[in-house]
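Trainee: Need a 3D model of the following:
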Amino acid sequence: MPGQRHVIDSLKQLVDQSTRDSVIALNLCRIAEAYIDVENDSAILYYNKSAALANKITFDVLECVALRSLGHTYIWKKDQYKLGLQSLQKGLDLARMTKDTLEQIRTLSQIGSCYHKQGKTVEALRYYLQESELAKNINDPFLSCIAYLNIGVTYSTNNDHETANQYYNKALGLAKVAKSLSYEALLLNNIAHINFKLKQHEIALIYLEEAEALLREEKNYQVLYLIQLTKGQILIEQGKIEEGITCYETARDHNTFIGSKENEAFLLLYLSKAQKKIGEYSQSIASAKKSLEIYETINVSAYEEELHALIAQNYDLLNKHIKANEYYRKLTKSYTNKQETDQARKIVELQFDNEIRKRDNEILSLQNEDLNNKAVLMKSNLQLQLMSLILAVLVLVVGLFFYINKSRQLKRINNLKNRLSDDLHDNIGASLNHIKMLSNQLSRNTISLDEKDNTLFKIKSISNNLMYTMYDLVWALNGEQETIGDLLVKIQDYTDNTLSDFNIPYQFQVEKINEKRKLSTKEKLNIYAIFKESINNILKHTETEHIDISIIKKQEKNFKLSIKNKYKNKKESNNHSNKNGISNMKKRAKELNGQLQILNQENYFTLIFSW
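Mentor: Below you'll find the predicted structure:
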């Protein structure tokens with residue numbers, strides 16, 4: 001058909017010029033539509049290309065349309081039901097996945113038509129009823145009209161004319177609501193066809209006249225074609241063969257606007273039958289051969305036996321028995337081929353049914369697996385919630401523990417600060433008062449030079465002690481953790497500053513100590529206080545000649561501090577004060593789970609602190 005070829009060539013040029021995949025996929029689908037009834041194999045090829053590209057770019061709507069059209073072509077143009085159903089099922093699954101209700105309805109209609117064409121009216125009805133239910137759910141009168149029409153056709157095929165008529169009338173009412181004149185006319189034609197089968201010819205013709213009247217303005221040539229076909233059948237049945245042939249010729253005229261080869265072949269079959277009835281055997285043979293040729297072109301074999309029989313009978317009537325026998329042999333071959341084809345088709349159908357059952361079983365298995373997964377997920381969620389609760393409680397407990405511990409630590413630090421503050425106040429107050437008294441002595445005129453030097457030395461000593469006390473306070477209040485090495489530096493610095501004022505020689509020895517070990521505030525203050533108190537007691541109560549200080553690593557303890565004092569004589573001092581100093585040192589050692597030993601020998605005094 002030149003017109004269609006021009007359309008196809010134009011669309012192919014658009015595909016070549018397009019850069020957008022969506023436009024290319026759409027035009028591929030249009031090329032396929034243009035190839036229908038021209039080259040059905042090419043139509044199938046381009047529908048496949050369109051569906052594949054639409055799938056690649058996730059153009060779901062077009063992919064559904066291409067798959068549905070591909071299925072329709074396989075079924076109605078090639079009689080390849082298995083391939084057609086596979087395409088339609090794939091399109092239906094995609095429409096369901098994307099929740100495209102309109103495409104679901106259209107695809108269900110096509111699947112129903114496929115089963116109907118195979119004579120499987122029960123399966124067809126199952127899909128048509130699903131179609132009508134979805135159309136009803138979305139309250140679409142036009143789609144509901146089509147669904148009821150399909151159901152009516154199925155019942156009519158089963159010769160249940162009463163039920164078919166009921167559905168046709170339901171559909172007719174919906175067609176009027178949808179204001180679709182074409183479907184009103186089509187339904188009137190179908191109702192007329194039922195009356196024709198029931199031999200109610202006059203009633204049937206009334207319905208056909210009403211249908212024709214509806215299409216005077218809206219020219220739907222496909223429906224007009226069907227009306228003329230039905231009308232021709234009725235007139236021939238009434239014996240008005242010439243009038244019937246005229247109707248068939250009118251239908252052929254309508255089909256020229258449609259361009260359907262299948263319509264043309266079907267009409268030629270009925271025309272051949274009519275021509276045979278009026279004795280036009282040669283014309284009947286020509287019409288039948290033309291019909292057969294068209295059917296072979298579009299690869300449709302549904303009417304092959306009927307046409308071969310019709311041609312053979314016409315040759316017999318013309319006394320051309322050799323030709324008749326030729327077509328009888330073709331008829332026999334057609335029957336044989338049909339039986340083989342039917343057998344092969346049954347095998348394919350069984351395989352297909354088996355695949356459907358396998359697919360249904362897989363779906364059921366997946367559903368069961370999904371249920372199990374949901375149960376496992378629910379259990380996991382409960383476990384997760386329980387673990388979250390336990391974790392929350394654990395975090396709360398840990399947080400509470402750290403809060404209490406931090407509170408206690410802050411309380412200890414505050415107590416320490418308060419104690420240090422009190423000690424500082426007392427020490428500074430006493431020291432300043434002592435300096436004031438000594439200064440007053442210097443202001444007296446009666447003081448001797450030796451007494452003046454002695455008083456100045458005392459003031460210097462008190463000032464130094466006061467300064468060291470301030471340094472120690474700042475060091476004690478520093479919240480940062482210190483190491484044993486830091487403490488040793490502090491001890492050695494104190495020893496050097498204190499003993500140098502009295503020109504007392506000393507030896508400081510450190511062996512195998514882990515100087516990187518961290519000390520808590522409590523540990524560093526108590527150890528330093530023990531050492532400081534020891535040095536102060538030595539200076540206060542003895543005339544010291546030499547001091548040996550050693551800090552040695554012990555396996556079971558952190559270290560052992562030994563202070564050995566060699567002295568000439570003991571000074572007269574307050575024994576009560578000395579006992580208080582030793583008692584404080586022992587108390588501090590006990591706080592550290594350590595031990596304090598004091599060894600007195602002639603001219604030697606040794607203090608050992610093990611920790």
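
Trainee: Could I get the contacting residues of residue 509?
Mentor: Listed by CB atoms under 8 Å, 6 or more residues apart in numbering, the contact partners of residue 509 are 548-552. All C-beta spots, glycine's among them, are computed from the backbone N, C-alpha and C.

Trainee: Next step: those residues restricted to helices.
Mentor: Secondary-structure check on the contacts of residue 509 using DSSP state H: no residue lies within helices.

Trainee: What does the residue of the chain positioned farthest from its centre show for phi and psi?
Mentor: Taking CA atoms, centre = their mean, the residue of the chain most remote from its mean C-alpha position is residue 446, at 102.5 Å. Note on residue 446: its backbone torsions stand at phi -90, psi 0 [degrees, to the nearest 10].

Trainee: Then residue 596?
Mentor: Residue 596 has phi and psi values of phi -130, psi 120 when expressed as degrees, to the nearest 10.

Trainee: and the residue nearest to it when sequence neighbours are not counted, how many residues sit next to it?
Mentor: Excluding its sequence neighbours, the residue lying closest to residue 596 (CB to CB, 6 or more residues apart in numbering) is residue 589, at 4.2 Å. Residues near residue 589, counting by other CB atoms under 10 Å, number 20.

Trainee: can you confirm residue 589 is in a helix?
Mentor: Yes - assigned with DSSP: H, G, I helix; E, B strand; the rest coil, residue 589 falls within a helix.

Trainee: ok, residue 500 - contacts?
Mentor: Applying CB under 8 Å, 6+ apart, we find residue 500 in contact with no residue.

Trainee: got the phi/psi numbers for it?
Mentor: Backbone torsions for residue 500, taken as degrees, to the nearest 10, come to phi -70, psi -30.

Trainee: returning to that earlier point: surely the residue nearest to residue 596 and residue 530 touch.
Mentor: Yes - because the distance of 6.4 Å satisfies CB atoms under 8 Å, residue 589 is recorded as touching residue 530.

Trainee: joint contacts of these two?
Mentor: Common neighbours of residue 589 and residue 530 are listed as 596, 609 (criterion: CB under 8 Å, 6+ apart).

Trainee: Quick check: the residue nearest to residue 596 vs residue 411, distance?
Mentor: Taking CB to CB, to the nearest Å as the measure, residue 589 and residue 411 are separated by 23 Å.

Trainee: do residue 248 as well
Mentor: Computed as CB to CB, the residue 248 to residue 411 distance reads 112 Å.

Trainee: on that earlier part again, tell me, what's the model's pLDDT at the residue farthest from the centre of the chain?
Mentor: Taken from the predicted model, the pLDDT recorded for residue 446 is 72.

Trainee: any idea how far it is from residue 453?
Mentor: In this structure, residue 446 and residue 453 are separated by 16 Å, where distance is defined by CB to CB.

Trainee: do residue 182 as well
Mentor: With CB to CB as the criterion, residue 182 and residue 453 are 135 Å apart.

Trainee: Check residue 410 too.
Mentor: 49 Å.

Trainee: circling back: compare neighbour counts for residue 248 and residue 411 and give me the winner.
Mentor: When residue 248 and residue 411 are compared for neighbours, residue 248 comes out ahead with 25 against 10, by other CB under 10 Å.

Trainee: Name the helix or strand for that one, please.
Mentor: helix 241-258 (DSSP states H and E).

Trainee: buried ones in that helix?
Mentor: By neighbour count on 16 or more other CB atoms under 10 Å, the buried set for helix 241-258 is 241, 244-245, 247-248, 250-252, 254-255, 258.

Trainee: Does it pack against any helices or strands, and if so which?
Mentor: Identification of packing neighbours for helix 241-258 by 3 or more CB pairs under 8 Å, 6 or more residues apart in numbering; DSSP states H and E yields helix 221-237, helix 261-277.

Trainee: which residues sit against that helix?
Mentor: Residues lying outside helix 241-258 but in contact with it, judged by CB under 8 Å, 6+ apart, are 221-222, 224-225, 228-229, 231-236, 263-264, 267, 270-271, 274-275, 277-278.

Trainee: ok, of those residues, which come out buried?
Mentor: Of the contacts of helix 241-258, these count as buried by 16+ other CB under 10 Å: 221, 224-225, 228-229, 231-236, 263-264, 267, 270-271, 274-275.

Trainee: can I assume residue 593 sits in a helix?
Mentor: No - inclusion of residue 593 in a helix is not indicated when three-state DSSP is applied; the result is coil.

Trainee: ok, it - contacts?
Mentor: Applying CB under 8 Å, 6+ apart as the definition, the contact partners of residue 593 turn out to be residue 611.

Trainee: Tell me the gap between stretch 596-607 and the middle of its chain.
Mentor: Put simply, stretch 596-607 sits 81 Å off its chain's centre (CA atoms, centre = their mean, to the nearest Å).

Trainee: buried sites along it?
Mentor: Applying a neighbour-count criterion of 16+ other CB under 10 Å, one finds 596, 605, 607 buried in stretch 596-607.

Trainee: Same check on stretch 558-578?
Mentor: Neighbour count says stretch 558-578 has 558-567 buried, by 16+ other CB under 10 Å.

Trainee: Cross these against strands and list the overlap.
Mentor: Judged by DSSP state E, the subset of these located in strands is 560-567.

Trainee: Closest to residue 58 out of the buried residues of stretch 596-607?
Mentor: Relative to residue 58, the closest of the buried residues of stretch 596-607 is residue 596; by CB to CB it sits at 84.9 Å.

Trainee: Residue 386: neighbour count?
Mentor: Other residues near residue 386 number 10, with proximity taken as other CB under 10 Å.

Trainee: Then residue 132?
Mentor: Residues within reach of residue 132, counting by other CB under 10 Å, total 25.

Trainee: Identify the residue nearest it in space, chain neighbours excluded?
Mentor: Spatial nearest neighbour of residue 132, chain neighbours left out: residue 147 (3.6 Å); criterion: CB to CB, 6+ apart.

Trainee: Distance-wise, check the one you found relative to residue 216.
Mentor: Counting by CB to CB, the gap between residue 147 and residue 216 amounts to 28 Å.

Trainee: so who does residue 605 touch?
Mentor: When contacts are taken as CB under 8 Å, 6+ apart, residue 605 is in contact with 538, 542, 564-565, 567, 598-599.

Trainee: I'm done for today, thanks for sticking with me.
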